[in-house]
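Student: give me a model of this one.
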Amino acid sequence: MSVENLPTELLSYMLRFLSLSDRQEAALTCKRWYQASLDPGLHKDTIITIRAPTAPSSQLHQLGQRKSANLVLSHIDSSSNCLTVLRETGRHLGPHLESLSLKGSDVTSAVFMDMVSNCPNLQKLDLSRCNSLFMSGILLSKNQEQIAACFQHLTCLNLDGIRYLSDTLLNRLVAVAPNLQRLSLASCNIAFEVVLCPTSEGRVSMSYLTVSNLVNILKERATKIKSLNLSHTGVSNSALKAIAAVPNLQLEEIYLRKCSSMGNEGVKALVEKQTELKVFDANGCRDLSDTALLAICDNLLMLKELDIQDWVQVSTYAAESLSCLSQLVRLNMTNCHKAMLGPGATSSGKSRALRARNGERVSPVKLPTGLGSGKLANLRDLNLSCCMLLDDDAVIGLTKSLPKLQMIDLASCVAVSDASVHAISKNLPHLQKLRLAWCKKITDFGLLGVDKNCPSISVPDEASKYSSDRFTRSHSNIGFFKGPSFDEKIQKVSEEALESLKAKSEISLSMLTNLRHLDFTACAHLTDVGIKDTIRFQQLQVLNLSLCPNISDASIMLVALNNPSLGEVHLAQCHQVTDQSIITLAQCLPRLHHLDICGCDQVTDRSLEALTKYAPRLKHLNISQCVGVTSEGIDNLQASLYGLQTLQLGHSAVGAPTAFYMPNYF
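Tutor: Now for the predicted structure:
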């Protein structure tokens, strides 16, 4: 049976294996493929974004044919065109919508009521920063029964950053959503100082939002509310205790990002009561320490996601208790450098971190037994960026203990070098995302899986082994009267020796066949030799080689040929990159939608012409500091690439110091 005779249902099933951009291209093949692409099952995860002031209202009925479930309306104002777009959107897309976002829009109560009344299947509603909607205080003062009928399936309500949210307005919204499960009040002005005042019980404020009213809502919906977001608020220990003590409340997710008013006492009280939590996010709470982490590990045995970024006071002693969280899937320990301080170390974490950052040698660090215990078998996503004490020995132990990792972030771990890259390539076959930005000790030998101490490689002498001279108090480094040269010293090897060593190597970076995201920002020792022979992945979608000054057209052209799925490429400040690289990228990467070539001063209008001709999907382009680009070339680019959403020209030869062009788009 030929493809032309296949049933439409089978064509739709085949399209499910393609990415969104590829599905869009396939839909243009013929009428039957277009009809197959309209299958609602293909649009469950797609999001339609409409810029209301410039959207043609006459074409909205065509979008309704796709029956997309997710819609984002942006830049809504009081203009007549916006009102028409909202009405037509509700009419044609409303019956199929399950998720609606009006984030930051200037919409009135009457327009909002008219639109959502056409959305009977709505499950998620985002009203964050819609201050004009709440300013008058009349929202849902009428027709609550009509809205309640449309909000029967509403489970997620986002009210982040609303300055005019009061007890009365929140109660109205909750009342019309009987099945609400997720409530987000991040960055709202909540009065926590009147938490448990006996005289305030039962009172509802019409002018501001109180934590006592929030506690009352939780009591009424205790069996249904599963997720609460109080990030960027002044939530206190007493407020957390009051929330934790709500009878029958069993939260599964709690978000407390940048809540500086709470402490260990409040966190401990919360986790001791809410033992069913699966997500605990307290990113940026710098005052929390071992007491809070130990309480989390002792009580939240079902936890799947833990974010303790910037918990700078957490020590190795508490980090060892992470082995209790056997269900953990995602862990973020960014900037928890003391947690990486091995047992028996005498110097403070801060002093060791500063020494590591300055390139001085520090004693080896042992991986905390919590991460290296082998008990975190379910861990898939690990972020240890800015843990400057983490060294190769720790990373090797980490990769052996967590072989199922799919994402690992070691950005700014300055002690990490080639040995860590070897361990990652050998022990993490399922890895999909790898970030090694600002790991300046990584060289081509790490990517190639080659031991640079091999006898066939000549090691530079003591005077030239550093990447540059340093300003230190030691006169032996820079010479008594000699100024620093800052010349990059790249260790090189003959082609014959390199080919011989590569044939023996079994741990090249190219072994990570599932890799989709790769970041080598500011890895200045990487050259064309390592890049062209290792970065060849069929599924790679994002590649960042910014601030790698030693790569040139020779490697970038091979990257374009060997990575057909690339859609996002960053080459900022790669001064050896020329028009030839950009032309090859445009010709060989049909999925290219994001390109950053800031500071590539050899790029000219030829590159813009190639992007215009070969990169129709391009949405974001950064050509800041590209002095070879002219205003005429930019004008031609804008006139030809209708899908271009962002064009950055900051500090270039043309345009203002910061210039963005936002064409009309859906």
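Student: ok, the nearest residue to residue 602 once chain neighbours are set aside to residue 523 distance?
Tutor: Nearest residue to residue 602, sequence neighbours excluded (Cβ to Cβ, 6 or more residues apart in numbering): residue 578, at 4.4 Å. To be clear about C-beta, it is placed using only N, CA and C from the backbone, and glycine gets the same treatment. Going from residue 578 to residue 523 by Cβ to Cβ, to the nearest Å gives 21 Å.
Student: for these two, work out which one has more neighbours and name it.
Tutor: Set residue 578 next to residue 523 and count neighbours by other Cβ atoms under 10 Å: residue 523 wins out with 27 against 20.
Student: what residues does the nearest residue to the more buried one once chain neighbours are set aside make contact with?
Tutor: Nearest residue to residue 523, sequence neighbours excluded (Cβ to Cβ, 6+ apart): residue 442, at 4.9 Å. Contacts for residue 442 (Cβ atoms under 8 Å, 6 or more residues apart in numbering) come out as 416-418, 420-421, 436, 520, 523, 525-526.
Student: between these, which has the most around it?
Tutor: residue 421 (30 neighbours).
Student: mind listing residues that contact the helix or strand encompassing it?
Tutor: Element membership of residue 421 [criterion: DSSP states H and E] is helix 418-427. Contacts to helix 418-427, defined as Cβ under 8 Å, 6+ apart, come from residues 392, 395-396, 399-400, 403, 408, 410, 431, 434, 436, 439, 441-443, 445-447, 449, 452, 506-509, 511-512.
Student: got it, and stretch 96-110?
Tutor: 40, 47, 52, 64, 67-78, 86, 112, 116, 119, 121-130, 132-133, 136, 138-140, 158.
Student: next: stretch 72-87.
Tutor: Residues contacting stretch 72-87 (Cβ under 8 Å, 6+ apart): 47-55, 57, 60, 89, 100-108, 111, 114-115.
Student: circling back: what subset of the contacts of helix 418-427 is buried?
Tutor: 392, 395-396, 399, 408, 410, 431, 434, 436, 439, 441-443, 445-447, 449, 452, 507-509, 511-512 (16 or more other Cβ atoms under 10 Å).
Student: those residues in helices, which ones?
Tutor: Using DSSP state H, the members of these that fall in helices are 392, 395-396, 399, 445-447.
Student: okay, stretch 138-153 in PDB with CA atoms only?
Tutor: The C-alpha coordinates for stretch 138-153 follow below in PDB (Å, rounded to 0.1, in the frame of the first residue of the first chain):
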ATOM      1  CA  ILE A 138     -16.000  43.900  41.000                       C
ATOM      2  CA  LEU A 139     -14.700  40.700  39.400                       C
ATOM      3  CA  LEU A 140     -17.300  37.900  39.800                       C
ATOM      4  CA  SER A 141     -19.600  40.100  41.800                       C
ATOM      5  CA  LYS A 142     -22.400  39.000  39.300                       C
ATOM      6  CA  ASN A 143     -23.100  35.900  37.300                       C
ATOM      7  CA  GLN A 144     -21.200  33.600  39.500                       C
ATOM      8  CA  GLU A 145     -23.400  30.700  38.600                       C
ATOM      9  CA  GLN A 146     -22.600  31.100  34.900                       C
ATOM     10  CA  ILE A 147     -18.900  31.200  35.500                       C
ATOM     11  CA  ALA A 148     -19.100  28.300  38.000                       C
ATOM     12  CA  ALA A 149     -20.600  26.100  35.300                       C
ATOM     13  CA  CYS A 150     -17.600  26.900  33.100                       C
ATOM     14  CA  PHE A 151     -15.000  26.300  35.900                       C
ATOM     15  CA  GLN A 152     -16.300  22.900  36.900                       C
ATOM     16  CA  HIS A 153     -13.100  21.300  35.600                       C
END
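Student: which residues does the closest residue to residue 441 other than its chain neighbours contact?
Tutor: Take residue 441 and drop its neighbours on the chain: the residue closest to it by Cβ to Cβ, 6+ apart is residue 417, 3.7 Å away. Listed by Cβ under 8 Å, 6+ apart, the contact set of residue 417 reads 392, 439, 441-443, 446.
Student: before we move on, the earlier item: restricted to strands, list the contacts of stretch 96-110.
Tutor: Among the contacts of stretch 96-110, the subset assigned to strands under DSSP state E consists of 47, 70-74, 124-126, 158.
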